[in-house]
Each structure stands twice: as structure tokens, then as C-alpha cells.
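K.L.:
Next one to model:
(one chain, ligands or ions: 1)
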Amino acid sequence: MPSEDGKIRYGVVGGGSISQGAFMPGVGQTRNSTLTALVTGDPDKADRLATLYGIKAYRYEDYDRLLKSGEIDAVYVATPNFRHLEFVLPALEAGIHVLLEKPMATNETDCHTMIEAANRTGSKLMIAYRLHSEPGTLEIIERVRAGEFGEPRLFTSTFTQTVKLSNHRTQHGFSAGPVPDMGPYPLNMVRQLFAAEPIEVSAVGVKTPGRDIGTWDTVTVSLRFPDERLAQFTVSYSLPDSERFQLIGSEGEVEASPCFGYGEGVGIAYRAHLQEESRRVTHPVVDQFAGETAYFSDCILNNEVPEADGQEGWRDVRVVAAIERALQTGHPQVLEPLPARRGPQPGQARQFPLAKVPEMIDTEMPTE
Ligand SMILES: NC(=O)c1ccc[n+]([C@@H]2O[C@H](COP(=O)([O-])OP(=O)(O)OC[C@H]3O[C@@H](n4cnc5c(N)ncnc54)[C@H](OP(=O)(O)O)[C@@H]3O)[C@@H](O)[C@H]2O)c1
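P.N.:
Just a heads-up that it's a prediction; the model follows:
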């Protein structure tokens, strides 16, 4: 039951950097979504964000009350990964739709629990893969799918940043480290570009001296795909910002950068090399959080299954779990072959101008 003006009403769970710095301002750019509540453990944020956005604030202890209040149709869950399940499950059970930040969970069991709950209750669950509604990304995927670069055979990618040692990402071992946090970007991208699922995983990780993170802070992953195709990506919490991928096909090549980020100045861009010709394509900066939210709200309003559903989130989490086993054992891990999914479609593209982001309250960016 959307608001009187037909908009899907969102409650935000966790008032951290992504909520304050991207999602909450982004909702205001859409025409079909509105913010009505925030769940936070910080009384100062509760007061000030509620005033700023004209919404109601709830404590985590009052979450069930919010779910039953009739004030929201959906929640956006943006807590640390290890707390995703505890907010997703009661929402689905209460008939509230869930837009859940990636990675879906810290383990496959939690993913299956969420998928089962969504199937049983009919509440919609979408994983917040914002690039699945970003026009430039969808254009690259479509061109590769159409065979413009021949058969996609090799994917390489680097995605690095310097995470502050004070952030929770550095305090919960592998499950909060760079592989589950940043790995889903190259991993999800290659799954779309190859239109296939990996069948074997190897990984090498290092612990950079002076960076006390309690897990491998820089990890290189190799993936074997069906038909003798390879992918490799490196993610890091201990290097300056960098993001790119390269896809080499039998008849051409795509080099993309920026390709995973969002916000001010980040318009998805790529160079397409075909025969003798090389052309750079730059897409305008869009509000990716507005885009994914508008798409999810359309799915709710039109009663359609969102594309990046729980199965999609689990397929990345199962590879992340295999990467952890590969790092622990030093041995390649075999994955059960799975049929390809349909993947994101051009109709999911949404284009909104970037929202102005207010100054953050009691929150700092996770990166230096
Ligand atoms: N899609 C993207 O581009 C993107 C980018 C960054 C992060 N993310 C995802 O979004 C989620 C949140 O990341 P973030 O960067 O926003 O993290 P963050 O800045 O640390 O914020 C997380 C918030 O969760 C709440 N929280 C509840 N229990 C907590 C606990 N035990 N420890 C710390 N915080 C707790 C806090 O909000 P209150 O103070 O309000 O209670 C905190 O501010 C993660 O799943 C992450 O992977 C996605």
C-alpha cells in the first residue's frame, strides 16, 4: 500500500555512510519512492536526520514496531554485512519488501534463509547492485552479449581503496574484508559479461605490513569458467583508489574505468577496441542509488520480480565463500556448474541527476 501519491515508502536501516551519503539523498531524485523512517542506534542521528528528511526515527529495539506500523512498504538495509539477516528476515516475514546492500550475507546459509522467506511470503527482495540500473554498464553488457567483441574469453580487473583502520570493515575478519566488500563488483560483472558461472576458484592473499586488518587485505582471485575461459581480479583495502576492468573477446576488447564507483565525477566510461578502430564512450554521471531504488519501486508497484533477486546475491556469495576456502587451504576450489541467468536487461536502466549530499552526521567515510 504505497503513500497517497503512489510512492513506495522506505525505512532506512542503519544511518551509516552509504545511507547518508548516497541512498537517502538519492530517494528524493525519484518520482516513485519516498523516505518515511530511519532505524538507528545513534540518538543524535535519530534527531538530526529525522529533522533533515522529515521522517520518523526508530531504535533497533523498536524495529518490529516499525515493521508493523503501516508507515513503510519497504526497507533499505545498509548495516554491516554480519547484521543483514537479522533485519531482512523479520521485514520479509512482516510483508515488507527489502532492498538489501551487497554483499547479500556473510555466508550461503543466510542467503538461502532469505530466499526461502521471500519465496514463502511473497515479499520482494532485491540486492542493491546499483550498476544493474546504470545505463553505461547496461550498454557494455548489451554490446558484449550481442557478440560485438566476439566470444568473451578473458576478464581482468583491479579494484582498490584504502580503508580506515577505524572502520568496522577491518574488525570482523574475512567476512568484512575486501573480498566480500569489493569482490562482488568484478565478480558480478564477469558473470554478466561471460553469461556464465565460474566452475573453479583459486586465490592468493597478502597482509600488508602496518595494516592490522586481521585478514588478507589484498587478494588476487582466478576464476575458471566453462569453455576454457578465465577471469582474474584483485581487490584491496590497502592501496590508493583504482578501478578498472578489461574484457578480451575473440574479435575485440573493452577497457572500462571508472566502472564500479558512483557519485560526483563518476560517469561510467569505456574504450571499445574493434579491428582497427578504438572509441571511447563516456556516460553522464547519474544518481545510481536513485536508479536502483526507482527500479525496485517499479517492481513493487507493478508486482514484478526484481532482477537482482536473492538468487543473484547468493551466486556471488557462493563464489566469495569458495575464495575464502581457497585462501585458507591454498588449493583451487571446484564449484558446482550452474545454468546462466538472464541477467540485467536494458529496461532496468534509470537515469536521474545526482542528488546533492548533505553534510554527514556522526559518520565518516570508510576510506581515507
Ligand atoms: N552499494 C554500494 O556502493 C555500497 C557502498 C558502501 C557500502 N555498501 C554496503 O552498505 C552496507 C553498509 O556500509 P557502510 O559503508 O554504510 O558502513 P558504515 O558507514 O560503517 O555504516 C553502517 C551503519 O550500520 C549501523 N550499525 C548497526 N550495527 C552496527 C555495528 N555493529 N557496527 C557498526 N555499525 C553498525 C550504524 O548506523 P547507526 O549509527 O545509524 O546505527 C552504522 O553507521 C554494507 O553492507 C556495505 O557492503 C554498499
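
K.L.:
Could you list the low-pLDDT ranges of the chain?
P.N.:
Applying pLDDT under 70 to the chain flags residues 1-2.

K.L.:
For F159, I want the exact helix or strand it lies within.
P.N.:
Using DSSP states H and E, the element containing F159 is strand 152-162.

K.L.:
gap between the helix or strand that that strand is followed by and the chain center?
P.N.:
Note on strand 152-162: by DSSP H and E, the next helix or strand toward the C-terminus is helix 178-182. From the chain centre to the centre of helix 178-182 is a distance of 10 Å (C-alpha atoms, centre = their mean, to the nearest Å).

K.L.:
Stretch 43-54 too?
P.N.:
Per C-alpha atoms, centre = their mean, the displacement of stretch 43-54 from the mean C-alpha position of its chain is 26 Å.

K.L.:
likewise stretch 271-281?
P.N.:
29 Å.

K.L.:
so L99 sits right up against A74, yeah?
P.N.:
Yes - assessed by C-beta atoms under 8 Å, L99 is found in contact with A74 at 6.2 Å. Backbone N, C-alpha and C define where each C-beta goes, glycine included.

K.L.:
All the strands of the stretch 51-200 of the chain, residue numbers only.
P.N.:
If DSSP state E, counting those that start in this stretch is used as the criterion, the strands of the stretch 51-200 of the chain fall at 56-58, 74-77, 97-100, 125-127, 152-162, 200-206.

K.L.:
How about stretch 71-91 and the ligand, any contact?
P.N.:
Yes - judged by C-beta under 6 Å from any ligand atom, stretch 71-91 and the ligand are in contact via A78, T79, P80, N81, R83.

K.L.:
buried sites along that stretch?
P.N.:
71-85, 87-91 (16 or more other C-beta atoms under 10 Å).

K.L.:
cool, and stretch 302-312?
P.N.:
For stretch 302-312, by 16+ other C-beta under 10 Å, it's P306, E307, A308, D309, G310, Q311, E312.

K.L.:
So which of the residues you listed is the closest to the ligand?
P.N.:
A308 (11.3 Å; C-beta to the nearest ligand atom).

K.L.:
Now for that closest one: which residues touch it?
P.N.:
Neighbouring residues of A308 by C-beta atoms under 8 Å, 6 or more residues apart in numbering: M126, I127, A128, Y129, H132, P344.

K.L.:
rerun that using 6 Å as the cut-off
P.N.:
When contacts are counted by C-beta atoms under 6 Å, 6 or more residues apart in numbering, A308 touches M126, I127, Y129, H132.

K.L.:
Most neighbours of all those, which one?
P.N.:
Most neighbours among those, by other C-beta atoms under 10 Å: I127, with 30 neighbours.

K.L.:
Find the nearest non-adjacent residue to that residue, please.
P.N.:
G313 (3.8 Å; C-beta to C-beta, 6 or more residues apart in numbering).

K.L.:
what helix or strand does that neighbour sit in?
P.N.:
helix 310-329.

K.L.:
List the buried residues in that helix.
P.N.:
Here helix 310-329 shows 310-324, 326-327 as buried, counting by 16+ other C-beta under 10 Å.

K.L.:
From the contact counts, what lies against that helix?
P.N.:
Helix 310-329 sits against helix 108-121, helix 178-182, helix 184-194, strand 200-206, strand 333-334, with contacts defined as 3 or more C-beta pairs under 6 Å, 6 or more residues apart in numbering; DSSP states H and E.

K.L.:
For the residue of the chain positioned farthest from its centre, what are phi and psi?
P.N.:
Within the chain, E276 marks the point farthest from the mean C-alpha position, 35.5 Å out by C-alpha atoms, centre = their mean. Main-chain dihedrals, E276, degrees, to the nearest 10: phi -90, psi -10.

K.L.:
and the gap between it and D110?
P.N.:
E276 is 50 Å from D110, where distance means C-beta to C-beta, to the nearest Å.

K.L.:
Now distance to D5 too, for the strands of the stretch 51-200 of the chain, in TSV please.
P.N.:
Listed next are the strands of the stretch 51-200 of the chain as TSV, based on distance: least, C-beta to C-beta, whole Å:
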stretch	distance to D5
strand 56-58	18
strand 74-77	16
strand 97-100	18
strand 125-127	22
strand 152-162	39
strand 200-206	47
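
K.L.:
quick one, the helix or strand that contains S242 and strand 152-162 angle?
P.N.:
Using DSSP H and E, S242 maps to strand 238-249. Interaxial angle of strand 238-249 relative to strand 152-162 (axes from the mean of the first three to the mean of the last three C-alpha atoms, to 10 degrees): 170 degrees.

K.L.:
my guess is S250 contacts E148, does it?
P.N.:
No - using C-beta atoms under 6 Å, S250 is not in contact with E148; the gap is 11.2 Å.

K.L.:
neighbour-wise, which of those two wins?
P.N.:
Taking neighbours as other C-beta under 10 Å, S250 and E148 compare with E148 leading, 14 against 11.

K.L.:
distance of that one from the ligand?
P.N.:
28 Å (C-beta to the nearest ligand atom, to the nearest Å).

K.L.:
right, and E197 touches L338 too?
P.N.:
Yes - counting by C-beta under 6 Å, E197 does reach L338; the two are 4.4 Å apart.

K.L.:
Tell me which of the two has more neighbours.
P.N.:
Higher neighbour count among E197 and L338: E197, with 19 against 13, using other C-beta under 10 Å.
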